[in-house]
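K.L.:
Provide a 3D model corresponding to the input given below.
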Amino acid sequence: MGPPWLSGTGLNLINAHTAPQPADFADVRATNLAVVLRFVRQNAPCSRADIAASTGLNKATVSSLVADLIDRRLLRETGLTENRVGRPATMLVLDGSPYAAIGVGVNVDYLTAVAVDLAGTELLSWRRSFPGATATPNQAVAAVAALARRVLSRVGKEARQVLGLTVAIPGLVDLNGTVRFAPTLGWRDVDLPGDLAKALRDPGFPVLVDNDANLAVLAEHRFGPHGGAANLVYVTGDVGVGAGLIMDGRSRRGGRGFAGEIGHIEIDPAGPVCRCGRRGCLEAMAGVGAVLRHTAPDATPAELEPEIDEVVRRATAGDRDVLALLGAVGRDLGKGAAVLADVLNPEVVVLGGYYVPLSPWVLPPARQELGLRSCAPEVGGTRLEVSTLGYGAAALGAAARLLDSIDSGRLPAHA
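P.N.:
Numbering: from 1, shown residues only. Have a look, this model is predicted:
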């Protein structure tokens, strides 16, 4: 798509895959609507003149686009400002109140559901226990569909239009949303989008599926304290360990959608056997499962959270064995973070999931090891931080993916 200020017909658009093609007026207008919507999201409150001056669109075009977005209930006017030269200007902010984006996260021991409006305001956030490690794909579809129906009922009572449902899965998800391999859930080649759409009786909105780390990093980028970082990595802290990548301000998933599997970087060739069959992977050395292998070897996935709470209790009480264990986990995490720092050079690596409650004991040795292991001067500027978004980061990111779709020009019909 060409630059946003293209308007009218008779223009040519060129991309990497096609020869010059005549620009379609509807496509250009959709692009320009998205440009205006993104500008207001980032700069609200702002005026029509601000939009025109910053985007290069002429004032008449901006007025037409803003009128369309107000008609769709995507923007609203919010009074006048006199803090400028000339006549007072009518200011614009995001509206989006008639809409809801829904995200659901699936894990080995719980489901999370989040709904947000177009401005990113949280409408609900629920967490439910779920035997993910033992549930079949059909049982999981039924559980996710039941939770989704409850969310739909809640937002339906508020007369909101649902923009879509996105589901976060801890595993390899291809570009079509098929779960190719989710080892912690025991799934292979599950058409989750199709199965869920059937379970919801073809709901009339998009049903999407993606990897949990890919979605969690979207949440960090949109809602977290490091959202200004153009290069950001989110590391999941559950039984599995994966990474979601934002590079140059954009989500990066790789050629087939499988990028970010840092849990299977070899840390110690003589280390414990990993679920992938190899030895000494980061996941086997520093995942939450590695912690519980020492502190609660007989724990089931359903007991994951209470057992982590017990680890926190023992560490707080000064248990030397637990402190030594968490120190080793932190050092191994630092080795993995050093690989990320040297290969990707992100500004921030964010630790999420169960790493958050363990962070007082895991983060200091991880940071120290990162500094020792990275080849770049001053670690290439990479910082190691802890997520502030809680256990619902992947579900929040699942909803954020739908907001990103709106920002890229896939606008809902008139409300």
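K.L.:
give me phi/psi at Arg76?
P.N.:
Main-chain torsions, Arg76, degrees, to the nearest 10: phi -150, psi 160.
K.L.:
Correct me if wrong: it contacts Ile70.
P.N.:
Yes - counting by Cβ atoms under 8 Å, Arg76 touches Ile70, with 6.5 Å between them. For glycine as for every other residue, the C-beta is placed from the backbone atoms N, C-alpha and C.
K.L.:
shared neighbours, those two?
P.N.:
Asp95 (Cβ atoms under 8 Å, 6 or more residues apart in numbering).
K.L.:
Name the nearest residue to Pro131, ignoring sequence neighbours.
P.N.:
In space, and not counting its chain neighbours, Pro131 is closest to Ala302: 6.0 Å by Cβ to Cβ, 6 or more residues apart in numbering.
K.L.:
Now for that neighbour: which residues touch it?
P.N.:
Counting by Cβ under 8 Å, 6+ apart, Ala302 has contacts 109, 129, 131, 133.
K.L.:
residue contacts, the last one?
P.N.:
If I follow you right, that is Ala133. 108-109, 184-186, 300-302.
K.L.:
Tell me the buried residues within those.
P.N.:
108-109, 184-185, 301-302 (16 or more other Cβ atoms under 10 Å).
K.L.:
Output these in a markdown table; the columns should cover distance to Cys274, pLDDT and secondary structure.
P.N.:
What follows is these, written out as a markdown table (distance: Cβ to Cβ, whole Å; pLDDT from 0 to 100; DSSP: H, G, I helix; E, B strand; the rest coil):
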| residue | distance to Cys274 | pLDDT | secondary structure |
| --- | --- | --- | --- |
| Val108 | 16 | 89 | coil |
| Asp109 | 20 | 88 | coil |
| Thr184 | 12 | 86 | coil |
| Leu185 | 16 | 91 | coil |
| Pro301 | 17 | 75 | helix |
| Ala302 | 22 | 74 | helix |
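K.L.:
closest to Gly287 among those residues?
P.N.:
Thr184 (9.8 Å; Cβ to Cβ).
K.L.:
Hmm, the closest one is touching Pro170, no?
P.N.:
Yes - the criterion here is Cβ under 8 Å, and Thr184 meets it with Pro170 at 5.4 Å.
K.L.:
anything in contact with each of those two?
P.N.:
Shared contacts of Thr184 and Pro170, counting by Cβ under 8 Å, 6+ apart, come down to 107-108, 238-240.
K.L.:
Return the set of buried residues in stretch 367-385.
P.N.:
For stretch 367-385, by 16+ other Cβ under 10 Å, it's 367, 369-371, 373-374, 379-380, 382-385.
K.L.:
Tell me which two of the residues you listed sit farthest apart.
P.N.:
Arg373 and Glu385 (17.5 Å).
K.L.:
Which secondary structure element is home to Asn214?
P.N.:
Using DSSP states H and E, Asn214 falls within helix 212-223.
K.L.:
Distance from that helix to the middle of the chain?
P.N.:
2 Å (Cα atoms, centre = their mean, to the nearest Å).
K.L.:
That one: what's the following helix or strand?
P.N.:
strand 232-235.
K.L.:
so is the closest residue to Pro183 other than its chain neighbours in a helix, a strand, or just coil?
P.N.:
Leaving aside its chain neighbours, Pro183 sits nearest to Arg275 (5.1 Å; criterion: Cβ to Cβ, 6+ apart). Under DSSP: H, G, I helix; E, B strand; the rest coil, Arg275 falls in the coil class.
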